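# Prediction below, plus the sequence it came from.
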Amino acid sequence: MSFTGNLKTVAFPDILQLLSTGKKTGILTITKGPAQKEICFKTGNIIYATSKNASEDFLGTLLLKRGRINKTELERALLLHKSTGKRLGMVLVDMELFSREEIADCLKLQVEEIVYNLFSWDEGEFIFAEGKLPQIKDIFVELATMNVIMEGTRRIDEWLEIQKTLPRDSETLRIVLNPRVKASDITLSLEEFQVLSMVNGDRTLPDIIESSPVGEFATYRGIHKLLQAGLIEAAGAKVTEVKDDPNEEEQLWWLVLRLYSACFDAVRRTLERKLGPDNDRVNEMLSTYRKGVWAYFTGLGSSDFRTNFTNFQRTVQKIPKEARVHKLLSGLNHILAEQLAFVRDILGENVLRTVESEIKKEVSIPLAERRKVSAKYDLESDIFQVLKDSKRSLVV
């Protein structure tokens, strides 16, 4: 049984559960833009994963970050990999840089990084080719898919808390010289100690993530715990040469469309679930926002996001440049406030709280994917301020 779809309509954990419970064998390929990831299954368990155009997932990058090889050794290994066609892991074994057991451990970490990264994708085309297996002689890992689902879901829930404490990307981090906590009360895991050793007063959070040897999520978690313990602190903005990013505007519109589509979709789903899809008051209210540029923020649940984004970007560029950002964001925040007020007036405070919680969860992943752009334009602050104001309006 081969099947295809998009992560906007079928969530990644649901796909994993389907393949696990069905004890499927085959290759799941997921593509988002230039990035493509493949996960191989055998009788429902994950046995292999690979990634294209995502350097953070490459085995060589992982080993280099962890200090297991140096750049010269990696360059030699990659040259042999290309000339012989052998997998990089086997080349490293042939070069006597690693034993087979050590490479097996490294490959397991690589596969886990690839798979857990996909839990943050809520968009991307996927296809599962049943019965197909990679053309390789040695497969070193076997992960229980249900355990992966539980861990991936736990990471997403933990990320919702972690992101609340993270500093802005422009801020450097430094060690607190005289922490309030007693030395005898400080207990750090090996991962947390490795993250702490990278804090030097000059590096920002993206700098630390880029060179961290413990993986992206573990680094975010380590920074979160160190901040909470008062062992490190933000030390102000890093002074850097300002360069225009030609892709920044495209990233901004991508993020705006993703964020507010998620917000409005959460409202629509709740209204239709509570009042029915054919309710006249609901349809009348929603139709108000289906004109002009606002129409791109409705009905994305079953449509192709990339096509909508291209058309949306083209429409936005027709707005005068000097008023473009302000007009769009102020309009979207006004619409969101109106829709939340409608939910409150029709369905009451408890349902409003449910909608707000759903919105916070829906927007967490796109915000994490575009933290730099979000921070520059205060997109997260704007949305959360609208949600906060909706609570104030309940106090009479």
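Here it is on my side, so go on. Remember, predicted model here, so these are calculated numbers, not experimental data.

# Enumerate every residue touching the spatially most central residue of the chain.
The residue lying closest to the centre of the chain (Cα atoms, centre = their mean) is S120, at 3.5 Å. Residues in contact with S120, defined by Cβ atoms under 8 Å, 6 or more residues apart in numbering, are I156, I365, A368, E369. To be clear about C-beta, it is placed using only N, CA and C from the backbone, and glycine gets the same treatment.

# pLDDT for these - can I get that in JSON lines?
Listed next are these as JSON lines, based on pLDDT from 0 to 100:
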{"residue": "I156", "pLDDT": "87"}
{"residue": "I365", "pLDDT": "78"}
{"residue": "A368", "pLDDT": "77"}
{"residue": "E369", "pLDDT": "75"}
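
# Out of these, list just those in helices.
I156, I365, A368, E369 (DSSP state H).

# Can you give me the neighbour number for the second one?
The number of residues packed near I365 is 18, by other Cβ atoms under 10 Å.

# Pretty sure it sits against D122.
Yes: with contacts counted by Cβ atoms under 8 Å, I365 reaches D122, the gap being 5.5 Å.

# buried stuff in the helix or strand containing Q251?
According to DSSP states H and E, Q251 maps onto helix 248-275. Buried residues in helix 248-275, defined by neighbour count with 16 or more other Cβ atoms under 10 Å: 249, 251-268, 270-271.

# Just list the residues touching A266, thanks.
Counting by Cβ under 8 Å, 6+ apart, A266 touches V355, E358, I359, E362.

# which of those residues are buried?
Buried among the contacts of A266 by 16+ other Cβ under 10 Å: V355, E358, I359, E362.

# from memory the second one sits against T270, does it?
The one in question is E358. Yes: taking contacts as Cβ under 8 Å, E358 lies within contact range of T270: 7.5 Å.

# before we move on, the earlier item: how far away is the residue nearest to the centre of the chain from Y48?
21 Å (Cβ to Cβ, to the nearest Å).

# if we can go back for a sec, looking at the residue nearest to the centre of the chain now. What's its pLDDT?
At S120 the predicted local distance difference test score is 83.

# Can I get stretch 167-180 in CSV, CA atoms only?
Extracted in CSV, the C-alpha atoms of stretch 167-180 (Å, rounded to 0.1, in the frame of the first residue of the first chain):
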residue,chain,number,x,y,z
PRO,A,167,16.7,35.3,24.5
ARG,A,168,16.5,37.2,21.2
ASP,A,169,18.8,35.9,18.5
SER,A,170,20.7,39.2,18.5
GLU,A,171,21.6,38.9,22.2
THR,A,172,24.9,37.5,23.4
LEU,A,173,25.0,35.1,26.4
ARG,A,174,27.4,35.1,29.3
ILE,A,175,28.1,33.1,32.4
VAL,A,176,26.9,34.6,35.7
LEU,A,177,30.1,35.0,37.7
ASN,A,178,28.3,35.1,41.1
PRO,A,179,25.1,33.0,40.7
ARG,A,180,22.6,33.0,43.6
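
# any residues touching it, and which ones?
186, 196, 199-206, 208, 223, 227, 229-238, 371-372, 375.

# Sitting in helices, which of these do you find?
L196, L205, P206, I208, I223, L227, R371, K372, A375.

# so what secondary structure elements neighbour the helix or strand bottoming out on mean pLDDT in the chain?
Counting by mean pLDDT, DSSP states H and E, the chain has its least confident helix or strand at helix 59-65, which shows a mean of 73. In terms of contacts (3 or more Cβ pairs under 8 Å, 6 or more residues apart in numbering; DSSP states H and E), helix 59-65 is packed against helix 71-84, helix 88-94, helix 100-117.

# Contacts only, for the residue nearest to I127 when sequence neighbours are not counted.
Using Cβ to Cβ, 6 or more residues apart in numbering and skipping the chain neighbours, the partner closest in space to I127 is T4 (4.5 Å). Contact analysis of T4 by Cβ under 8 Å, 6+ apart lists E125, F126, I127, F128.

# The second one against I27, yeah?
No: at 10.8 Å, F126 does not count as touching I27 under the criterion of Cβ under 8 Å.

# Alright, calling it a day.
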